[in-house]
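Q: coordinates for the following, if possible.
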Amino acid sequence: MASESKDVFGRIEREQEGYLEELKDFLRIPSISTNPEHKEDVLRCADFVTEKLRDAGLEAETIATDGNPLVYAEWSGAPGKPTILFYGHYDVQPPDPLEEWDHPPFEPTVEGDLLVARGATDDKGQSFAQIKAVAAMLAERGSLPVNVKFLIEGEEEIGGESIDEFVYADGGERLACDAVVISDSSMFAPGQPSLLYGLKGLAYTEIKVKGPERDLHSGTYGGAVANPANALATIISRLWDAESGRVNIEGFYDDVKPLEDWERKQWAELPFDEEEYRRELGVEETFGEAGYSTLERTWGRPTIDVNGLYGGYQGAGAKTVLPAWAGAKVSMRLVPNQDPKKVARLFAAQVERVKPAGVTVEISEVHGAQPVLIETQGPIADAATGAQEDIWGKPPFLIREGGSIPVVATFAEVLKVPVLLVGLGLPDDRLHSPNEKFNLSCFYNGIKTIVRLLDRAAG
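A: Take a look at the predicted model:
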């Protein structure tokens, strides 16, 4: 079946080194959306994506928003054929801690089959594979078998407010399509493709605990004034139960959709190596909610995690200080039926209940995302699974994912079409961590997978 696309595959193989150099240029732009100091880099990155889509042969534009720009492109030269909307994001996570990178994070480095750089897999490399698939087809054939649209954003790592506003603005009329295809996730294992049907939601919050009006001498005032850092530690310790691994927030589990029996049975049959999982992560044992397997906890059960702690003296040596304030960034990953705003309110109420005397707390909602379960049936879903099997030689596993892609729920609600998560990365890609990587074999096979998907979708 894959032989039907061999004309384009030949071009991809001839030009893959050029594709790699273009991807390296993409990765060199430090488009860190969470850091205002990189605003110009974000703008420059949006323009880069727009130009690559124009070079591919699409009508493309950079769309200004109140936040970071959107990039929109389309090719509509296949009347009567389906339309596929490709989504991706060009913004990346901060590279910190810098000292843990083997090479500068924004100087892409090839190590055998690996391309190491911030954004390599999340999501520049995967999104670029979609662009190059369309570019190769247009260059080789002068046309596409179906119509395509692209919507690529620069705020995915900070909640995606601008893209939500854009999609809702005209009821999705401009983005009307027969399916959305997203490559911003991982395959189950090397050589084993996957189609995601579930993503967790997110409620991201920040706590600031305040005490005295200034830092105090810990000897002179210790024992007389509540220490905000100590109070913060107490608050955090009361938000989850160390024995059961359950979140200790009143009402947190009220709306949780339980795992289906068929899911637990199917996941238990997946070739998941717990020992290799621990070894790759460098941990002695896994941890989480009692009564559930590792896959069940990461894919289908809600969690709470501290993402950062700050306050007090951070320098070398000792400084005997009782800090005036301390803070923490706390995220909760949510499962279907949980609402991020409701969970954030429950979280704030619980913090107020458990905080020690002598301090005050300020709680901010940073951003959130709705959890989703995705329909994976229909002709384009069949085209996606068939394309994956054509390229990888195996049918894809149907799996869930513990991460969040905020716009997925928006697409599902507004466009009312299947949203297909065709991941091209691998579980060990170190996304959000130092030495993030993307396997070049996944990049090139990912381009071919999208080509096959488009050819199959034409019917």
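Q: so which residues of the stretch 51-200 of the chain form helices?
A: Secondary structure of the stretch 51-200 of the chain (DSSP state H, counting those that start in this stretch): helices at 125-141, 161-169.
Q: elements contacting the longest one?
A: Spelled out, it's helix 125-141. helix 6-27, helix 39-56, strand 83-89, strand 147-153, helix 440-457 (3 or more Cβ pairs under 8 Å, 6 or more residues apart in numbering; DSSP states H and E). Placement of C-beta: from N, CA and C, glycine included.
Q: just the C-alpha atoms of the second one, please, in PDB.
A: This means helix 39-56. Provided in PDB are the C-alpha atoms of helix 39-56 (Å, rounded to 0.1, in the frame of the first residue of the first chain):
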ATOM      1  CA  LYS A  39       9.100  38.200  22.900                       C
ATOM      2  CA  GLU A  40      11.100  39.200  19.800                       C
ATOM      3  CA  ASP A  41      12.300  35.700  19.300                       C
ATOM      4  CA  VAL A  42       8.600  34.500  19.500                       C
ATOM      5  CA  LEU A  43       7.700  37.000  16.800                       C
ATOM      6  CA  ARG A  44      10.700  35.900  14.600                       C
ATOM      7  CA  CYS A  45       9.700  32.300  15.000                       C
ATOM      8  CA  ALA A  46       6.200  32.900  13.800                       C
ATOM      9  CA  ASP A  47       7.500  34.600  10.700                       C
ATOM     10  CA  PHE A  48       9.900  31.700  10.100                       C
ATOM     11  CA  VAL A  49       6.900  29.300  10.100                       C
ATOM     12  CA  THR A  50       4.900  31.500   7.800                       C
ATOM     13  CA  GLU A  51       7.700  31.600   5.300                       C
ATOM     14  CA  LYS A  52       8.200  27.800   5.400                       C
ATOM     15  CA  LEU A  53       4.500  27.300   4.600                       C
ATOM     16  CA  ARG A  54       4.700  29.800   1.800                       C
ATOM     17  CA  ASP A  55       7.800  28.000   0.500                       C
ATOM     18  CA  ALA A  56       5.900  24.800   0.600                       C
END
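Q: tell me how far the closest residue to residue 441 other than its chain neighbours lies from residue 190.
A: Distance criterion Cβ to Cβ, 6 or more residues apart in numbering; nearest residue to residue 441, sequence neighbours excluded, is residue 113 at 5.5 Å. If you measure residue 113 against residue 190 using Cβ to Cβ, to the nearest Å, the figure is 10 Å.
Q: how about residue 254?
A: Applying Cβ to Cβ to residue 254 and residue 190 gives a distance of 40 Å.
Q: also residue 99?
A: For residue 99, the distance to residue 190 - Cβ to Cβ - is 29 Å.
Q: between those two, which has more neighbouring residues?
A: residue 190 (12 against 6; other Cβ atoms under 10 Å).
Q: quick revisit: give the residues shared as contacts by residue 113 and residue 190.
A: residue 439 (Cβ atoms under 8 Å, 6 or more residues apart in numbering).
Q: for the stretch 251-400 of the chain, which spans come out with low pLDDT?
A: Nowhere does the stretch 251-400 of the chain drop to pLDDT under 70.
Q: quick one, helices of it?
A: 261-268, 274-281, 294-300, 340-354, 379-392.
Q: closest one to residue 136 among these?
A: helix 379-392 (14.0 Å; Cβ to Cβ).
Q: how about residue 90: what's its closest non-neighbour residue?
A: residue 45 (4.9 Å).
Q: okay, now that neighbour: neighbour count?
A: 29.
Q: for the one 4 residues further on, same thing?
A: The tally of other residues near residue 49 (other Cβ under 10 Å) stands at 29.
Q: can you tell me the closest non-neighbouring residue to it?
A: Closest residue to residue 49 apart from its sequence neighbours, by Cβ to Cβ, 6+ apart: residue 71 at 4.6 Å.
Q: what of residue 392?
A: residue 193 (4.7 Å).
Q: distance to residue 215 and mean neighbour count added to the helices of the stretch 251-400 of the chain, as JSON lines?
A: Shown next, in JSON lines, are these (distance: least, Cβ to Cβ, whole Å; neighbours: other Cβ atoms under 10 Å):
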{"stretch": "helix 261-268", "distance to residue 215": "50", "mean neighbour count": "13"}
{"stretch": "helix 274-281", "distance to residue 215": "37", "mean neighbour count": "11"}
{"stretch": "helix 294-300", "distance to residue 215": "40", "mean neighbour count": "19"}
{"stretch": "helix 340-354", "distance to residue 215": "23", "mean neighbour count": "18"}
{"stretch": "helix 379-392", "distance to residue 215": "57", "mean neighbour count": "21"}
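Q: follow-up on the earlier one: does the residue nearest to residue 49 touch residue 149 like I think?
A: No: between residue 71 and residue 149 there is no contact under Cβ atoms under 8 Å: 11.2 Å.
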